[in-house]
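Student: only geometry, no sequence info:
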């Protein structure tokens, strides 16, 4: 990736983050007074005014916005209204839990989805293919909260094998990771099958089979690398969406991650924490897209040549 293209993408990413920051700030401030959840309806006007001055809510909205942008430029995401803790500190405490859950589910879903997608492509229109596609459709269409509740009912309440909530041990990780990973596996299986079918029908694959190249080698060394670009695309999107995608799962299983923190912060109108989490999500998506573009150039020599000429 040349310097001009990298600069253009970085500027586009900064523009995206700025749009997210602006939209979030305006939408949250128009949704209601955050002090209502903090001081309640019975607080005196004097107490409410003191809190407004303390958090700068007595200033016009445009001044609050400029002040917020200035604080962001210095790495200050504001204080939580509920306990006066820096928003970044709350997120830093919850982020390891989300990464543990998200990366475990992502790894499980990617491995299972790739395997099932390849098997389905090699057995097109056979019962195995129909079974895999049925699983894939069920996996990415079944709501996470519904699947999570089913797993809790089966493995926690009925069989009493696994805990239903918490994050104290590795046993607590199994059900939420299985719930989120099933969705990933369904998506990856579907895209892998489509990409592999397109590659398997190309002329060089037919020639390799005619030359007697073993099937495993044809799949691993010829078909899979050429089918990797659409798989990398969807994998990048899902990897960048870990925080947002884990909100429901963390809520169902009482997992103390960023998703659950976001739900609690929205409920209590803790604007600083909500804004910080949404900015984190936007930055993650931007960085993931940049990483995917870089991987494209490694996978496809034609893209490297085109970008060098450009």
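Tutor: It's in. These numbers come from a predicted model, not from an experiment. Numbers count the residues shown, from 1 in each chain.
Student: quick one: residue 239 and residue 285 touch, right?
Tutor: No: counting by CB atoms under 8 Å, residue 239 sits too far from residue 285 to count as a contact (9.4 Å). Heads up, the C-betas are built off the backbone N, CA and C, glycines and all.
Student: low pLDDT regions in the chain?
Tutor: Under the criterion pLDDT under 70, the flagged ranges of the chain are 1-3, 5, 32-44, 46-48, 51, 55-57, 299-310.
Student: got a list of what residue 86 touches?
Tutor: Residues near residue 86 by CB atoms under 8 Å, 6 or more residues apart in numbering: 77, 78, 79, 80.
Student: redo those as a markdown table? Include secondary structure, distance to residue 23 and neighbour count.
Tutor: Compiled in a markdown table, the contacts of residue 86 are given as follows (DSSP: H, G, I helix; E, B strand; the rest coil; distance: CB to CB, whole Å; neighbours: other CB atoms under 10 Å):
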| residue | secondary structure | distance to residue 23 | neighbour count |
| --- | --- | --- | --- |
| 77 | coil | 16 | 22 |
| 78 | coil | 17 | 20 |
| 79 | strand | 22 | 18 |
| 80 | coil | 21 | 20 |
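Student: between those, which sits nearest residue 281?
Tutor: In terms of CB to CB, no member of the contacts of residue 86 lies closer to residue 281 than residue 77, at 13.3 Å.
Student: give me the distance between the closest one and residue 86.
Tutor: Residue 77 sits 7 Å away from residue 86, going by CB to CB, to the nearest Å.
Student: what do you get for residue 207?
Tutor: 61 Å.
Student: what about the helices in the stretch 51-200 of the chain?
Tutor: With helices called from DSSP state H, counting those that start in this stretch, the stretch 51-200 of the chain shows them at 61-73, 87-122, 127-141, 144-151, 171-200.
Student: need those in JSON lines with mean neighbour count and distance to residue 213, can you?
Tutor: Formatted as JSON lines, the helices of the stretch 51-200 of the chain follow (neighbours: other CB atoms under 10 Å; distance: least, CB to CB, whole Å):
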{"stretch": "helix 61-73", "mean neighbour count": "13", "distance to residue 213": "55"}
{"stretch": "helix 87-122", "mean neighbour count": "20", "distance to residue 213": "15"}
{"stretch": "helix 127-141", "mean neighbour count": "16", "distance to residue 213": "23"}
{"stretch": "helix 144-151", "mean neighbour count": "17", "distance to residue 213": "41"}
{"stretch": "helix 171-200", "mean neighbour count": "22", "distance to residue 213": "13"}
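Student: of those helices, which is nearest residue 264?
Tutor: Ranking those by proximity to residue 264 (CB to CB) places helix 87-122 first, at 9.9 Å.
Student: by contact count, what packs against that closest one?
Tutor: helix 127-141, helix 171-200, helix 228-240, helix 242-245, helix 247-252, helix 258-267, helix 271-299 (3 or more CB pairs under 8 Å, 6 or more residues apart in numbering; DSSP states H and E).
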